Each structure stands twice: as C-alpha cells, then as structure tokens.
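Engineer: Turn this into a model:
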Amino acid sequence: MKLILLIFLGYSVYKISFFILSLFKVKSKIKDEATRADFKRKVSKMDIQDAEYEDI
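Structural biologist: I've put the predicted structure just below:
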C-alpha cells in the first residue's frame, strides 16, 4: 500500500513540475518575442542613410 502511495506521489510531483517548467518556458518565450519586437521597432524608426564610399 505504501509503495502505491509513493508511486502516485512521485508521479504527481513529476507532472506538477513538468507543468510549472512549461509555464516558465512560455513566459520566457513571450519575453524573448517582446524583446525582438522592440528591437525591430527601434530599427525601423532609425533614419538609416546609404553610405557613399569612394574608390581609391
């Protein structure tokens, strides 16, 4: 009986930890996408002019 209870407890801890880790991964991915979007927005606002180089 104790063995079944320990197996069930271990399985429950495994499932809960897997769920929590997946939430952290999603949160990290959303933050990364926001950072990329912010970078793209800043680059698109920049007034980049074509540089002219002289051949020597």
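Engineer: Tell me where this protein is predicted with low confidence.
Structural biologist: Within the chain, the stretches with pLDDT under 70 are 47-56.
Engineer: Give me the residue at the spatial middle of it.
Structural biologist: Closest to where the C-alpha atoms of the chain average out (CA atoms, centre = their mean) is residue 29, at 2.1 Å.
Engineer: can you tell me how far residue 22 sits from residue 32?
Structural biologist: 15 Å (CB to CB, to the nearest Å). From N, CA and C alone the C-beta is placed, and that goes for glycine too.
Engineer: I should have written residue 25 there, sorry.
Structural biologist: Residue 25 is 10 Å from residue 32, by CB to CB.
Engineer: And for residue 42?
Structural biologist: In terms of CB to CB, residue 42 sits 16 Å off from residue 32.
Engineer: How are the helices of the chain distributed by residue range?
Structural biologist: Assignment of helices within the chain using DSSP state H yields the ranges 2-45.
Engineer: State the number of residues packed around residue 20.
Structural biologist: Other residues within reach of residue 20, judged by other CB atoms under 10 Å, total 10.
Engineer: ok, now residue 30?
Structural biologist: Residue 30 has 10 nearby residues by other CB under 10 Å.
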